[in-house]
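A.B. asks: one predicted model, sequence on top.
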Amino acid sequence: MTAAPTPADASLHTPVIAWFETHARDLPWRRPEAGPWGVMVSEFMLQQTPVSRVLPVYEQWLARWPRPADLAAEPPGEAVRAWGRLGYPRRALRLHAAASAITELHGGEVPSDHAELLALPGVGEYTAAAVASFAYGQRHAVLDTNVRRVFARAVSGAQYPPNATTAAERKLARELLPHSEPVAARWAAATMELGALVCTARTPDCARCPIAARCAWRAAGSPAHDGPPRRGQTYAGTDRQVRGKLLAVLREALEPVPQRTLDAVWDEPVQRARALDGLVADGLVEPLPDGLYRLPLT
DNA sequence: GAACCGTGGAT
DNA sequence: TATCCAAGGTT
């Protein structure tokens, strides 16, 4: 096989990074004082949750738990409570578990090694690369939904990337990575920001895109998505909705809550019981004797 | 690989 | 009003 490799391409790097220099948002986790722990907290919170909703919770979280050991010293239920309404509260539990692992295994410092990051609870391929790149300036392909969409359009000529990240996408991302470590870290942040602010999912603002002239999707006439339908998620009536209602009650409660109080949030008993059992199985809720429930102390 | 896991703003 | 979508990870 002698297929020419796609080289890291300065004709993309230069305009995207230049755009980033003047258009990047001033987000708290991008400030130097955030440190690796601030970056990690932000990455957990931003998993499937918009920046605008993360901002206030992030500030409260870092003020209360400025170091991993501070969080690890408190019960996991306090992390769940402080998570508020960000959604997917298992992330709070995993962030607490990650803080404990960092405290016990890494001397209280967020590891800089990609493999060590990946081994932490709640840290997957994306988050490990993001922390290593944003917090430590390393050279990694950071493939989140924004970057995948930018590459799908600008390089591959498709409106949307595949539903699940493919090997081809990883290969492309690695090939496009600038060779210089600091430039690669800048590229990662810049492509993500471009996807978040300009090359958005619904209505991309191509008039403000620094690489519109080189965009394969535009060159092809901005063809509509032709792959399998993008996953739509119903929510009303699901176990997730019931779990959310149950946990909302427990988050607000300062003392253990009796079963009958939880029963009031959903009238279908089978589904209600299944949801509560699920929360207990996930470690988000701790059952006590006499039919009482609370956020977990351990 | 598919299903599951919250929440709320925008369109 | 209903659908889409938001810096994913785990099972």
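C.D. replies: Okay, I see it. Residues are numbered from 1 along each chain as shown, chains lettered A, B, ... in the order given.
A.B. asks: A:Arg67 contacts A:Val110, doesn't it?
C.D. replies: No: using CB atoms under 8 Å, A:Arg67 makes no contact with A:Val110, being 9.6 Å away. Glycine gets a C-beta too; all of them are placed from N, C-alpha and C.
A.B. asks: look at the two and report which has more neighbours.
C.D. replies: A:Val110 (24 against 17; other CB atoms under 10 Å).
A.B. asks: which parts of chain A sit against DNA strand B?
C.D. replies: A:48-50, A:52-53, A:85-90, A:163-164, A:166, A:202-203, A:233, A:235, A:238-241, A:243-245, A:247-248, A:278, A:284 (CB under 7 Å from any atom of the strand).
A.B. asks: narrow those residues to those that are buried.
C.D. replies: Among the residues of chain A next to DNA strand B, those scoring as buried are A:Thr49, A:Leu86, A:Pro89, A:Arg240, A:Gln241, A:Arg243, A:Gly244, A:Leu247, A:Gly278, A:Leu284 (criterion: 16 or more other CB atoms under 10 Å).
A.B. asks: ok, so of the residues you listed, who is nearest DNA strand B?
C.D. replies: Of all these, A:Gly244 has the smallest distance to DNA strand B: 1.5 Å, by CB to the nearest atom of the strand.
A.B. asks: tell me the contacts of the closest one?
C.D. replies: A:Gly87 (CB atoms under 8 Å, 6 or more residues apart in numbering).
A.B. asks: which SSE is it in?
C.D. replies: A:Gly244 belongs to helix A:239-252 when assigned by DSSP states H and E.
A.B. asks: what's the first helix or strand after that helix?
C.D. replies: Counting by DSSP H and E, the next helix or strand C-terminal to helix A:239-252 is strand A:257-258.
A.B. asks: can you give me the domain boundaries for chain A?
C.D. replies: Following automatic domain parsing, chain A resolves into domains at A:10-134, A:145-180+A:193-219, A:239-286.
A.B. asks: those domains into a markdown table, with extra columns for distance to A:Leu297 and mean pLDDT?
C.D. replies: Listed next are the domains of chain A as a markdown table, based on distance: least, CB to CB, whole Å; pLDDT from 0 to 100:
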| stretch | distance to A:Leu297 | mean pLDDT |
| --- | --- | --- |
| domain A:10-134 | 4 | 98 |
| domain A:145-180+A:193-219 | 35 | 97 |
| domain A:239-286 | 6 | 97 |
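A.B. asks: can you lay out those as TSV showing distance to DNA strand C?
C.D. replies: Below are the domains of chain A laid out as TSV (distance: least, CB to the nearest atom of the strand, whole Å):
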stretch	distance to DNA strand C
domain A:10-134	3
domain A:145-180+A:193-219	3
domain A:239-286	9
